[in-house]
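# Got a predicted structure plus its sequence, pasted below:
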Protein chains: 4
Amino acid sequence: MKLTEEQKAEIAELRATPRPTLRAVSEGMEAHLYNINPVLDHGFVRVIDYMGDDAAICQAARVSYGKGTKSVQNDEGLIRYLMRHWHSTPFEMCEIKLHVKLPVFVARQWIRHRTANVNEYSARYSILDREFYIPQPEHLAAQSVINNQGRGEVLAPEEAARVLEYLKNDAARAYDHYEEMIGQDGQQGLARELARMNLPANIYTQWYWKVDLHNLFHFLRLRADSHAQYEIRVYAEEMCRLVKDWVPAAYRAFEDYRMGGATLSEGALSCLRRMLAGEAVTEDNSGMSKGEWREFKDILG
Amino acid sequence: MKLTEEQKAEIAELRATPRPTLRAVSEGMEAHLYNINPVLDHGFVRVIDYMGDDAAICQAARVSYGKGTKSVQNDEGLIRYLMRHWHSTPFEMCEIKLHVKLPVFVARQWIRHRTANVNEYSARYSILDREFYIPQPEHLAAQSVINNQGRGEVLAPEEAARVLEYLKNDAARAYDHYEEMIGQDGQQGLARELARMNLPANIYTQWYWKVDLHNLFHFLRLRADSHAQYEIRVYAEEMCRLVKDWVPAAYRAFEDYRMGGATLSEGALSCLRRMLAGEAVTEDNSGMSKGEWREFKDILG
Amino acid sequence: MKLTEEQKAEIAELRATPRPTLRAVSEGMEAHLYNINPVLDHGFVRVIDYMGDDAAICQAARVSYGKGTKSVQNDEGLIRYLMRHWHSTPFEMCEIKLHVKLPVFVARQWIRHRTANVNEYSARYSILDREFYIPQPEHLAAQSVINNQGRGEVLAPEEAARVLEYLKNDAARAYDHYEEMIGQDGQQGLARELARMNLPANIYTQWYWKVDLHNLFHFLRLRADSHAQYEIRVYAEEMCRLVKDWVPAAYRAFEDYRMGGATLSEGALSCLRRMLAGEAVTEDNSGMSKGEWREFKDILG
Amino acid sequence: MKLTEEQKAEIAELRATPRPTLRAVSEGMEAHLYNINPVLDHGFVRVIDYMGDDAAICQAARVSYGKGTKSVQNDEGLIRYLMRHWHSTPFEMCEIKLHVKLPVFVARQWIRHRTANVNEYSARYSILDREFYIPQPEHLAAQSVINNQGRGEVLAPEEAARVLEYLKNDAARAYDHYEEMIGQDGQQGLARELARMNLPANIYTQWYWKVDLHNLFHFLRLRADSHAQYEIRVYAEEMCRLVKDWVPAAYRAFEDYRMGGATLSEGALSCLRRMLAGEAVTEDNSGMSKGEWREFKDILG
């Protein structure tokens, strides 16, 4: 992740000029504002703005005139209660705005979460940079033989080398031709909205992404999960780290009830009750399918 | 609009403690934070928090690393361009959180705008206050004979007096019985979630309402319009005043292109071209319906 | 629930004229179309239209050219997989449109679910009917002493009688005055948009409500739950009955994974593992709060 | 656009088996169901399902027990009134489900409309087909010198030939390597979720897309507009043709008030009034910017 001197100066300037505000302030988040948090080889996540803190969640839940805080302990209890009982609206009262740089194929997965606001860098209007995601060899894995949409074993070194050669060369050639087509030096150039179609899905794009805390937690639960594709998971994990510093109590509740928790079906609960009563429950007498049983055993550790 | 001493103290405390932030700050909005802006007899609008300012709209539109501002003049031009061409996402990058106290029948109209976050005071959990909207006599108008869902002439004084008597007495009696039913002094009291059903639609409720600037403008265009019901329009007008201080350039563009502007149909544009060419266009040869023609003439002044 | 002869004739006419379609048809739902399913004393739920069936969920999940069905058994397995792994988009591919008549205080709770389309009967434009929800005595319960927003014991008969008297009389008087104010017999009448404010929250309103199956399931999970207020729960239960006939396989998966299932926190799962290993876990050594522990014990039966 | 024999058979089977329904039926749309409507070189739009018709819009607006139709003429008047006054909810009561095959760079633009339901073909799970959008030479245009995000003149033949050579060769090579990397013949193959990153943005993807009529109109207004990129506009135009047969009255109102209409700012209306009063208004005394004035003159023809 390289920044130009101009970009570094812009960020430094923004961080150099604190101003007074009467709004709720999260010290933990102020420390992160504008900074580049690198992800993958050329990507990043930056916090551009935020609204609210842990106390703001309680303030909204209580529809209060003042801060809405009774005591820190009391607030944390309320936040845990709200999370446990799926009260989503108080968490919607916090908002975050991020600047994210990410490969196009990650952006395509990301955008499936529709309850957010997005401004993407326009490749109709502007020229994309020559930056492509090239995986580290240890992240080049074979198609999983268990999970139809995941990865299995890491590729053998010679396989990995062949793959990396393809990815690098094809990206370089595609970009060379992209540049030639838009023709910056006088000759008649192809419209950018057309030339971009030659660029592969590992090219980087960037966007401003704004979302409320409830929907962000939903995104993180799915994308920071161990089954998510590695290339989006690293973004989610970076965001988890930022959210933890922003709203520590809400994040703890999220970790306990969502990330670390699990949903059991009626059938699974029934098996559990039999097991607690001392019965030996097996896949055969569980009434579950093979896949459900495997997931059930995973949950019970 | 009466506040308890405790509420006043809470608001004063919030306004007394500025803290440094690195985020975008709108001076115009800081002046409004937490203050009560009275609306109707017992209602209000209060700004609890906001995210972004005019520059933040441009920053997002440019997906920039720094402030995104080139010059104030340049920014205003960009904002006008975005508004004129229906680019909604940059305006979605600003957010506002309000605390609103309003009669239930106004709340019911308000909530039809779904793209916002809401936390309403719970009448299942808490006891509602004895506060009802009682219109001023000059706002008691007859059903319109032109517009099927609007008001016409103001009621004659004796009619108005009779109406006010009904509204006041029925509200008072309903509340007396509500209180008796929930029975706060020892006897077995009816559940609040049931007792509330006796309360009329002019009782006040309150909520936290959070919305982005694009959707807020949409709300204001419909609700600050002269055809909106008076009781919601006064809330919209108060909000216009606040938004104007928050994002002055965006508000000016909104006034020019939305509030003060008008949409003409293909048929209306065709009439207009004939008129500019010197033709005398009348309702009869306009091809418009009676209603369309009346609205068209209104637009042309 | 009384219908006029005209309304009955309209419904009969709609049910009398089947037409050929090439779209997916759910036999189970065709049997319900347009019929009145009574709820509470004057309310109902009616299916006006629907899109899709169980096979359509699979068809969308497979992005297929044809029906997308492999076998009924195979489809049910896919639907269970999708539900278990929180794949929401295939369920969004089914849609239902309902006509609902319901008390205003129920409508106010209902509308908090924002991801649906709504057309409500306009009390600015039209006159509301003289119909109020008056609970059966067995549904008049005291405020719960455990759950701050629920009901406890049923009221004693004399208490219940007193409450019913208030509800009936206040509603009748409010409606008498509403009618007088809008003044249908020649004298100058108050605008409907104003007169309605005198009406209590147990008056009936009606709306068209359209929602996709994913969001409907979310609604039903919260509102058919035993902790939901009785007056909205009976609507949810009626809708469950209809959905079961519409998309039987999806409904079975919903029952197993959502209605009958439970989400356990990381802390609860840890207790569970200790219990399965033979340890005696108590509230004291569970690390849970009082409320969490009670809920945990409830789940384990 | 080539279909396999199996796909043709699946479509033929679906069209061969009409079934009776009591739902609203649109004859115009039945004629289109399932058929392939080709767009670009390999793309298409297919109607998979629909809900509602012109009468259903009126039925919802009237919250009626029966069909809600008074007379065809009366209905059309109501639909025009609703469209003119921005009543969006009745149009939301109609829904359409499409199967669309489209280049990835078009899909990326399309998905910016968030108020729709989408199921995309998964390139994590499945292998993409070797199909790329290669423009016709007459659609290869240079970057516009007026509009920063549009096209200007068509490329000279030799320029066009060079561009097409690049697009074809780069796509072919990228796909060859994609195939090699996923390695279908025994050797250890790269996970599909990784291999796909080598594919350019002109490869075709496909999805099921479901949207209500109000939001579809919004999409069409922006994407069937002459300023939209050609490659998405052709999809929008094809959809306009389908919608016209589905809800003819609503489509006529849409054409008159949205597609053929224009929004004038307060400043523009003021100029217009001066012009109608006989004044010679010029760019200089209009108070408009250069861009606004040009657009204003375009509207006045």
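Nice, thanks for sending it over.

# quick one, what contacts A:L242?
Counting by C-beta atoms under 8 Å, 6 or more residues apart in numbering or on different chains, A:L242 touches A:M29, A:H32, A:N37, A:V45, A:V47. (C-beta placed from N, C-alpha, C; glycine too.)

# any idea which of these is closest to chain D?
Closest approach to chain D among those (C-beta to the nearest C-beta): A:V45, at 19.7 Å.

# The closest one contacts A:Y34, doesn't it?
No - with contact defined as C-beta atoms under 8 Å, A:V45 does not count as touching A:Y34 (11.6 Å).

# So those two - more neighbours on which side?
A count of neighbours by other C-beta atoms under 10 Å in any protein chain shown puts A:V45 above the other of A:V45 and A:Y34, at 24 against 19.

# how far off strand B:43-51 does the helix or strand harbouring the more buried one point, in degrees?
Counting by DSSP states H and E, the element that carries A:V45 is strand A:43-51. Orientation note: strand A:43-51 sits at an angle of 150 degrees relative to strand B:43-51 (axes from the mean of the first three to the mean of the last three C-alpha atoms, to 10 degrees).

# Low-confidence ranges, chain A, go.
Within chain A, the ranges that satisfy pLDDT under 70 run A:68-70, A:184-187.

# care to break chain A down by domain?
Using automatic domain parsing, the domain ranges for chain A come out as A:5-133+A:204-259, A:140-201, A:266-299.

# do you know which of those domains lies nearest B:D41?
Across the domains of chain A, B:D41 has its closest neighbour in domain A:5-133+A:204-259 (18.5 Å, C-beta to C-beta).

# how about the helix or strand just after the strand holding A:V45, does it reach chain C?
Downstream of strand A:43-51, the first helix or strand assigned by DSSP H and E is helix A:54-61. No - legend: contact between helix A:54-61 and chain C by C-beta under 8 Å from any C-beta of the partner chain is lacking; minimum distance shown is 12.3 Å.

# just checking, what packs against helix A:54-61?
On a contact count with 3 or more C-beta pairs under 8 Å, 6 or more residues apart in numbering or on different chains; DSSP states H and E, helix A:54-61 meets helix A:72-84, helix A:248-254.

# any idea how far the closest residue to A:A224 other than its chain neighbours lies from chain D?
Spatial nearest neighbour of A:A224, excluding adjacent residues (C-beta to C-beta, 6 or more residues apart in numbering or on different chains): A:A236 at 3.8 Å. According to C-beta to the nearest C-beta, to the nearest Å, A:A236 and chain D sit 15 Å apart.

# So for the helix or strand where A:A236 lies, what gets flagged as buried?
Secondary-structure assignment from DSSP H and E places A:A236 in helix A:230-246. Across helix A:230-246, burial judged by 16 or more other C-beta atoms under 10 Å in any protein chain shown covers A:230-236, A:238-240, A:242-243, A:245-246.

# Could I get the full set of strands for the stretch 201-301 of chain A?
A:204-212, A:262-264 (DSSP state E, counting those that start in this stretch).

# Pull the number of nearby residues for A:M1.
Neighbours around A:M1, by other C-beta under 10 Å: 14.

# Ignore what I typed, I meant A:N74.
Counted with other C-beta under 10 Å, A:N74 comes out at 11.

# got it, and A:S144?
When neighbours are defined as other C-beta under 10 Å, A:S144 has 15 of them.

# residues contacting it?
A:G150, A:R151, A:G152, D:A191.

# Check A:G183 too.
A:G183 is in contact with A:G189, A:L190, counting by C-beta under 8 Å, 6+ apart.

# Near chain C, which residues of chain A are found?
Going by C-beta under 8 Å from any C-beta, the residues of chain A near chain C are A:77, A:80-81, A:84, A:86, A:89, A:112, A:222, A:255-257, A:259-269, A:272-273, A:275-276, A:289, A:291-292, A:295, A:299-301.

# Just the buried residues out of these, in ChimeraX syntax.
Buried members of the residues of chain A next to chain C, defined by 16+ other C-beta under 10 Å, are picked up in ChimeraX with:
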select /A:77,80,84,89,222,255,256,257,261,262,264,265,267,268,269,272,275,292,295,299
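
# ok, now which ones touch A:A228?
Per C-beta under 8 Å, 6+ apart, neighbours of A:A228: A:L222, A:A236.

# With A:I299 instead?
Contacts for A:I299 (C-beta under 8 Å, 6+ apart) come out as A:A262, A:L264, C:L269.

# residues in contact with the second one?
Same thing as A:L264. Neighbour list for A:L264: A:L272, A:F296, A:I299, C:G261, C:A262, C:T263, C:L264 [criterion: C-beta under 8 Å, 6+ apart].

# Check the residues you listed and tell me the two furthest apart.
Maximum distance among the contacts of A:L264 (C-beta to C-beta): 14.4 Å, for A:F296 and C:T263.

# distance between stretch A:175-191 and the chain's centre?
The chain centroid and the centroid of stretch A:175-191 are separated by 34 Å under C-alpha atoms, centre = their mean, to the nearest Å.

# Next: stretch A:209-229.
5 Å.

# buried stuff in it?
Applying 16+ other C-beta under 10 Å to stretch A:209-229 flags A:209-224, A:228-229 as buried.

# Please apply the same query to stretch A:27-38.
Neighbour-count burial for stretch A:27-38 flags A:G28, A:M29, A:E30, A:H32, A:L33, A:Y34, A:I36, A:N37 (criterion: 16+ other C-beta under 10 Å).

# The nearest residue to A:W293 once chain neighbours are set aside and A:F296: what is the separation?
In space, and not counting its chain neighbours, A:W293 is closest to A:E283: 4.4 Å by C-beta to C-beta, 6+ apart. A:E283 sits 9 Å away from A:F296, going by C-beta to C-beta, to the nearest Å.

# Quick one: residues contacting the closest residue to chain B within the stretch 151-300 of chain A.
As assessed by C-beta to the nearest C-beta, chain B sits closest to A:Y208 within the stretch 151-300 of chain A, at 4.5 Å. Going by C-beta under 8 Å, 6+ apart, A:Y208 touches A:I48, A:K97, A:L98, A:H99, A:N117, A:V118, A:N119, B:Q59, B:A60, B:V63, B:M93.

# okay, now the first one: neighbour count?
The number of residues packed near A:I48 is 26, by other C-beta under 10 Å.

# what's the answer for the fourth one, then?
A:H99 sits with 22 neighbouring residues when counted by other C-beta under 10 Å.

# Quick check: closest non-adjacent residue to it.
A:R46 (4.3 Å).

# The last one now?
Spatial nearest neighbour of B:M93, chain neighbours left out: B:A60 (4.0 Å); criterion: C-beta to C-beta, 6+ apart.

# Tell me how far the one you found lies from A:Y175.
Where A:Y175 is concerned, B:A60 sits at a distance of 27 Å (C-beta to C-beta).

# got the strands of the stretch 201-301 of chain A as JSON lines, with distance to A:N169 columns?
Output for the strands of the stretch 201-301 of chain A, formatted as JSON lines (distance: least, C-beta to C-beta, whole Å):
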{"stretch": "strand A:204-212", "distance to A:N169": "18"}
{"stretch": "strand A:262-264", "distance to A:N169": "44"}
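
# Which among those is found nearest to C:R130?
The closest of the strands of the stretch 201-301 of chain A to C:R130 is strand A:204-212. By C-beta to C-beta, the value is 42.2 Å.

# can you state the direction angle for that closest one and helix B:54-61?
140 degrees.
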